[in-house]
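Visitor: Dropping the sequence and predicted coords here.
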Amino acid sequence: MSDLPKVHYQPLAPPVKAEFAASDDEEQRLDLGHHRGGSPRNRAVLFLAGAVFFLVVLLWCQTWQKVKVPTGDSDLSGYCSDLKALPVSSPKKNIWKNLDVPEAIAIRKWLFKKEQGLNLTSTTVAEQTDNIVFLIEAHRPSKADALAYLDSDAPEPDRYAHVVIHHGAREKPVIVDYLVGPLPVGPSTTLRPLAENYEFSEIPINARAFVMADFQDFRTFLHGVLDPYPELMLELFGVSMKDNSTDPLSAGGSSPVSFDGTWRKGWIPLKLNVPGSFLRTLDCYLYVDMSSLKVSEWKLIRLVYNHQIFPSMEAFNAAWLSKTLVRSPKVLVEDSDWATRTRKGHKRDLDHLAGPRSVSFDGPRFRADLEEQFITWMGWSMHLGFTRDMGLQLWNINFRGERIIYELAPQEAMAQYSGNDPGQASTVWLDSAFGMGAMVKDLVVGYDCPADALYLPATVHTSMGSSTRLNAVCVFERDTGRPLTRHYGDMEDETGASKTYELVVRSVSTVGNYDYIFDYTFGFDGSVEVRFSASGYLQGGYWDPKRQPYGTRIRETSSGAMHDHVINYKVDLDVAGTDNSISSLSLEVKEIEEDWFDDEDWGKATPMQTIIKTRHATEATTQFEAPKNGEGMLIFTNEAEKNAWGESRGYAVHPGVSNVHLTNLDAKRTLRNVQWAKKHAFVSRAKDTEPKSSSMWNMNLPGKPAVNFDSFFNDESVDQKDLVLWMNLGTHHVPRAEDSPNTLTNLATSYFLLVPFNYFDYDVSLESLNSVVLNQADGKWTASGHIAPEYCIPPKLAKLNYTGMMGWKEDGTPAAPDEVQDFQADTHGIHMGLPVGASARRAEL
């Protein structure tokens with residue numbers, strides 16, 4: 001292997017006067033050219049040299065063609081070493097990882113036993129009036145038990161599961177979250193309601209998320225409503241309901257469908273069931289009473305078409321027949337290519353070539369315990385967890401041997417829409433209801449993450465059984481291409497630069513139309529960036545000029561509606577221990593005087609920017625708006641721990657791009673269920689009974705939420721206590737034509753930073769060996785500390801392969817491909833768009 005060239009740094013030289021006199025060699029070259037090859041002797045020499053060169057090139061090409069490029073596991077000299085993550089053993093068990101498939105199967109079988117008295121029915125045959133298992137998942141241990149295990153010789157905490165059961169067979173149907181354990185299942189295993197985490201122990205059944213039985217009921221109901229009017233459907237919407245072999249329509253949804261759980265009603269927008277159906281909304285909206293668990297008792301309350309309201313389909317049809325119906329332009333069924341990812345436009349110069357690829361020539365620099373999902377990199381270490389509601393979580397995050405964060409996890413993702421049609425105006429999604437973890441998709445290798453990243457699986461256990469995504473999470477190191485620090489100076493050891501290497505942990509969830517990208521990025525200086533980005537489809541609406549105040553026209557009959565995205569994160573910081581205080585730092589301009597100001601030029605006083613640091617005593621003052629003009633930050637400190645300079649060791653929270661909160665603060669549909677979204681940040685006491693800021697049922701309980709975030713704030717002391725930061729990211733999404741077909745992540749992104757604030761005595765990124773110091777002596781520059789990686793040939797990339805989902809049925813038997821598609825439909829739900837025709841499945845890549 002050959003070394004890369006050493007670093008050579010030269011200062012700017014003074015301009016050199018141009019010299020046009022040719023040297024002897026140049027004169028000879030010019031002379032040869034002038035005489036078209038020079039003398040016969042020279043021409044012969046040139047011919048012979050050319051022939052030899054041609055033979056050398058030919059032999060080299062033939063030899064090169066015989067070289068077989070390895071695919072990654074070759075020991076052939078000259079090729080890069082294995083790019084897989086290096087092994088490491090987790091010092092402790094991952095006490096936060098989800099249950100594996102055998103554990104979930106054992107729990108399910110135990111629950112189905114007659115002695116448990118639950119009277120359960122398999123989801124595949126269940127109706128709404130049956131009792132079903134909706135979710136089986138690991139229950140996290142208390143923080144006290146976890147820290148005792150991690151930091152001392154205490155035993156590993158007992159393992160428990162929490163199990164959500166829909167009791168549809170009860171006289172008053174309810175949902176109950178149960179605690180099951182200890183595990184593995186045995187004689188000592190018990191079951192009890194997990195009431196301490198919620199405002200009430202029994203959740204109204206009308207607050208439920210959608211399950212397979214809901215989907216079947218939707219199809220049954222919509223066929224009953226629409227099938228009797230084939231001529232109307234064909235003329236107004238271009239689809240025929242007579243052909244039951246196809247899915248001509250897709251039913252969208254809206255939420256919330258309840259206020260306090262006493263009823264269940266919602267608007268159903270109709271869409272064309274074609275590629276890009278999210279953007280192909282028809283101008284027809286049905287308001288349906290779904291309060292009964294029997295679909296035969298559902299009722300159409302009203303229908304809206306082109307701003308005209310009809311009490312029934314009969315009245316709508318009568319207006320059409322009598323020609324009194326004011327029609328809106330038809331959505332063209334054939335015009336669908338624009339809403340897909342089919343390549344469009346013009347070819348770009350050189351775009352036929354593959355783009356740059358990042359390669360770790362010296363091999364990976366992070367380690368992984370795959371069994372325990374434990375990662376280490378450059379002084380960082382962490383465990384990964386995974387839940388059905390929100391997906392990827394990070395636990396026990398340590399830097400240079402000290403815990404910085406106990407838990408870092410998304411809590412809820414909301415989207416509130418605006419519009420003057422029933423579909424947009426009545427929609428507030430809370431995506432934990434649909435399960436962002438259940439909707440995590442296999443990452444596209446080389447596109448969602450680098451090809452050489454470490455890919456990790458994730459498993460959830462829902463109503464249909466268990467499902468696994470093999471490439472659910474990726475971990476990789478990257479060079480940002482910009483220096484972390486640099487300076488040019490004139491004194492010794494002042495000139496140099498250090499590279500910005502980062503470790504990224506990423507996961508992507510596709511919740512119906514939107515794709516959410518969750519990034520956690522760790523820096524050499526001890527910083528953590530938490531980033532959310534969005535892509536996927538807009539929740540499209542039907543366009544007419546009256547919708548101008550609420551969105552943008554993106555096609556002849558399609559529009560995008562204004563909406564807010566707000567993503568809430570829990571950050572359980574443990575800064576130099578669990579006893580922390582919270583301060584807000586702001587900048588304030590004050591008029592100040594100093595003795596030396598007294599002169600005739602500038603006056604006796606001057607306005608000066610000053611630092612105002614407010615240390616908060618109780619939760620009464622720990623709900624924060626982002627500082628105006630970026631003039632401030634939040635700081636978590638341990639007042640009992642000082643650095644070498646007497647400053648309290650701390651971590652600061654810096655807003656990044658687009659730190660937003662909810663704009664519409666007074667809507668009834670968000671009355672009490674999203675209080676966490678109404679300011680930028682909150683700090684509360686850490687409590688095991690307040691593990692999450694939301695729940696999967698909060699979406700449909702705005703008036704009576706199962707988790708009431710307001711109750712977290714009881715004016716308790718936050719002075720040297722165990723504290724939690726609840727931080728919001730998001731975007732105010734004003735749609736544009738460029739959002740079709742998919743939103744771009746360069747704009748739809750938001751992040752915040754956690755950075756050391758006097759936590760250390762100096763910048764610890766100076767520990768990096770991937771930096772250089774330059775010094776000049778006698779007019780020459782020398783470099784020290786520079787690491788030049790060995791050069792090697794990167795392995796050939798494997799053929800792009802997308803694995804999709806693996807599934808196991810309730811009894812543990814592997815699911816067939818068509819059953820896996822049912823799993824997919826079960827997780828996507830009405831938020832995705834539901835085919836109204838006979839087919840119950842949507843194909844998945």
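Guide: In hand now; what should we look at?
Visitor: Can you tell me the SS state at the nearest residue to residue 128 once chain neighbours are set aside?
Guide: Once its chain neighbours are removed from consideration, residue 128 has its nearest residue in residue 293; the separation is 3.8 Å (CB to CB, 6 or more residues apart in numbering). In short, each C-beta sits where N, CA and C put it, glycine included. Secondary structure of residue 293, reduced to three states by DSSP: H, G, I helix; E, B strand; the rest coil: coil.
Visitor: Return the residues in contact with the residue nearest to residue 598 when sequence neighbours are not counted.
Guide: The shortest distance from residue 598 to any non-neighbouring residue, by CB to CB, 6+ apart, is to residue 604 (5.4 Å). Applying CB atoms under 8 Å, 6 or more residues apart in numbering, one finds that residue 604 lies in contact with 593, 597-598.
Visitor: can you give me the helices for the stretch 51-200 of the chain?
Guide: With DSSP state H, counting those that start in this stretch, the ranges of helices along the stretch 51-200 of the chain come out as 101-112, 143-151.
Visitor: Repeat that for the chain.
Guide: Secondary structure of the chain by DSSP state H: the helices cover 24-34, 40-66, 101-112, 143-151, 212-226, 230-237, 313-321, 422-425, 817-828.
Visitor: before we move on, the earlier item: could you check how far the residue nearest to residue 128 is from residue 779?
Guide: Residue 293 sits 87 Å away from residue 779 when distances are taken as CB to CB, to the nearest Å.
Visitor: Give me the more crowded residue out of these two.
Guide: residue 293 (21 against 7; other CB atoms under 10 Å).
Visitor: wait, the more buried one sits on residue 205?
Guide: Yes. In this structure, residue 293 is within contact of residue 205 by CB atoms under 8 Å, at 7.1 Å.
Visitor: residues shared between the contacts of the two?
Guide: Residues touching both residue 293 and residue 205 (CB under 8 Å, 6+ apart) are 168, 173.
Visitor: looking at the helices of the stretch 51-200 of the chain, which is buried most?
Guide: Mean neighbour counts were compared across the helices of the stretch 51-200 of the chain using mean count of other CB atoms under 10 Å; the top stretch is helix 101-112, at a mean of 19.
Visitor: Show me what it is packed up against.
Guide: Applying 3 or more CB pairs under 8 Å, 6 or more residues apart in numbering; DSSP states H and E, one finds that helix 101-112 makes contact with strand 131-139, strand 159-167, strand 174-183, strand 454-462, strand 465-487.
Visitor: Kindly present the contacts of residue 604 as CSV, with separate columns for distance to residue 226.
Guide: What follows is the contacts of residue 604, written out as CSV (distance: CB to CB, whole Å):
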residue, distance to residue 226
593, 79
597, 81
598, 86
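Visitor: mind putting the helices of the stretch 51-200 of the chain in CSV, distance to residue 749 included?
Guide: Formatted as CSV, the entries for these read as follows, by distance: least, CB to CB, whole Å:
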stretch, distance to residue 749
helix 101-112, 35
helix 143-151, 31
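Visitor: for these, which one sits closest to residue 810?
Guide: helix 101-112 (5.9 Å; CB to CB).
Visitor: coming back round to it: out of the helices of the stretch 51-200 of the chain, which gets nearest to residue 301?
Guide: Across the helices of the stretch 51-200 of the chain, closest to residue 301 is helix 101-112 (CB to CB), at 37.5 Å.
Visitor: Show residues contacting the closest one.
Guide: Around helix 101-112, the neighbours that count as contacts under CB under 8 Å, 6+ apart are 99, 116, 118, 120, 133, 136, 161, 163, 165, 180, 183-185, 189, 191, 459, 461, 466, 468, 808, 810-812.
Visitor: Select only the buried ones of those in ChimeraX?
Guide: The ChimeraX selection below is limited to those of the contacts of helix 101-112 classed as buried (16 or more other CB atoms under 10 Å):
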select :99,118,120,133,136,161,163,165,180,183,185,189,191,459,461,466,468,808,810
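Visitor: Relative to residue 476, how far out is residue 399?
Guide: Note on residue 399: its distance to residue 476, by CB to CB, is 19 Å.
Visitor: Actually, residue 524.
Guide: When distance is defined by CB to CB, residue 524 is 15 Å away from residue 476.
Visitor: same thing with residue 758?
Guide: Between residue 758 and residue 476 the distance, using CB to CB, works out to 31 Å.
Visitor: between those two, who's got more neighbours?
Guide: For residue 758 versus residue 476, neighbours defined as other CB under 10 Å are more numerous around residue 476 (21 against 18).
Visitor: if I read this right, the more buried one contacts residue 446, doesn't it?
Guide: No. Counting by CB under 8 Å, residue 476 sits too far from residue 446 to count as a contact (11.4 Å).
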